[in-house]
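A.B. asks: have a look at this prediction, sequence included:
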Amino acid sequence: LLSPQNYPLYIRSVPTENELKFHYTVHTSLDVVDEKISAMGKALVDQRELYLGLLYPTEDYKVYGYVTNSKVKFVMVVDSSNTALRDNEIRSMFRKLHNSYTDIMCNPFYNPGDRIHSRAFDNMVNSMMMQVC
């Protein structure tokens, strides 16, 4: 999860030894996210469609994006060899993440813009990652 100003709100990677490489991959995808957001704004596309789809594939990974109405960006990096994940599964995973993020935002003790430290959100993300792997 990235803030509207592109600083990280929440990052999780498996395996953790490749975390720096994933940080780089996520931040390089932000240019594509910004291009897609500006293209959506010009085309006056339905604002309820928040899923950006495949941002770019590499030989090892596929990078997918999602943006909320408040311009919080969700970026997911998936192993390219995982052929079981289809576009609909990725879209539903983003919706699930967005719903959990909304639950965090509804917490009166959470300050918007702070890093996310939520056990419930961690558990949901970990369960999604275990389903994918």
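C.D. replies: Thanks, I have the structure now. This is a predicted model, so every value here is computed, not measured.
A.B. asks: ok, now which ones touch the closest residue to residue 36 other than its chain neighbours?
C.D. replies: Leaving out its chain neighbours, the residue that sits closest to residue 36 by C-beta to C-beta, 6 or more residues apart in numbering is residue 52, at 4.8 Å. Heads up, the C-betas are built off the backbone N, CA and C, glycines and all. Counting by C-beta atoms under 8 Å, 6 or more residues apart in numbering, residue 52 touches 33, 36-37, 64-67.
A.B. asks: just send these back as a markdown table, with secondary structure, pLDDT and distance to residue 99 too.
C.D. replies: As requested, the contacts of residue 52 are exported to a markdown table (DSSP: H, G, I helix; E, B strand; the rest coil; pLDDT from 0 to 100; distance: C-beta to C-beta, whole Å):
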| residue | secondary structure | pLDDT | distance to residue 99 |
| --- | --- | --- | --- |
| 33 | helix | 90 | 20 |
| 36 | helix | 86 | 22 |
| 37 | helix | 83 | 21 |
| 64 | strand | 94 | 17 |
| 65 | strand | 94 | 17 |
| 66 | strand | 94 | 12 |
| 67 | strand | 92 | 15 |
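A.B. asks: out of the residues you listed, which one sits closest to residue 21?
C.D. replies: Nearest to residue 21 among these is residue 64, at 16.9 Å by C-beta to C-beta.
A.B. asks: nearest residue to the closest one in space, please, no chain neighbours.
C.D. replies: Leaving aside its sequence neighbours, residue 64 sits nearest to residue 76 (C-beta to C-beta, 6+ apart; 4.7 Å).
A.B. asks: give me the next element, helix or strand, following the strand or helix carrying the one you found.
C.D. replies: With secondary structure defined by DSSP states H and E, residue 76 is part of strand 73-79. Using DSSP H and E, the helix or strand that follows strand 73-79 in sequence is helix 87-105.
A.B. asks: got the contact list for that following helix?
C.D. replies: Contacts for helix 87-105 (C-beta under 8 Å, 6+ apart): 1, 50-51, 53-54, 64, 66, 68, 72, 74, 76, 78, 110, 112, 116, 118, 120-121, 124-125, 128, 132.
A.B. asks: try stretch 57-77
C.D. replies: Outside of stretch 57-77, the residues within contact range by C-beta under 8 Å, 6+ apart are 1-4, 6, 9, 13, 22, 25-26, 29-30, 32-33, 36-37, 47, 50-56, 78-80, 90, 93-94, 97-98, 101.
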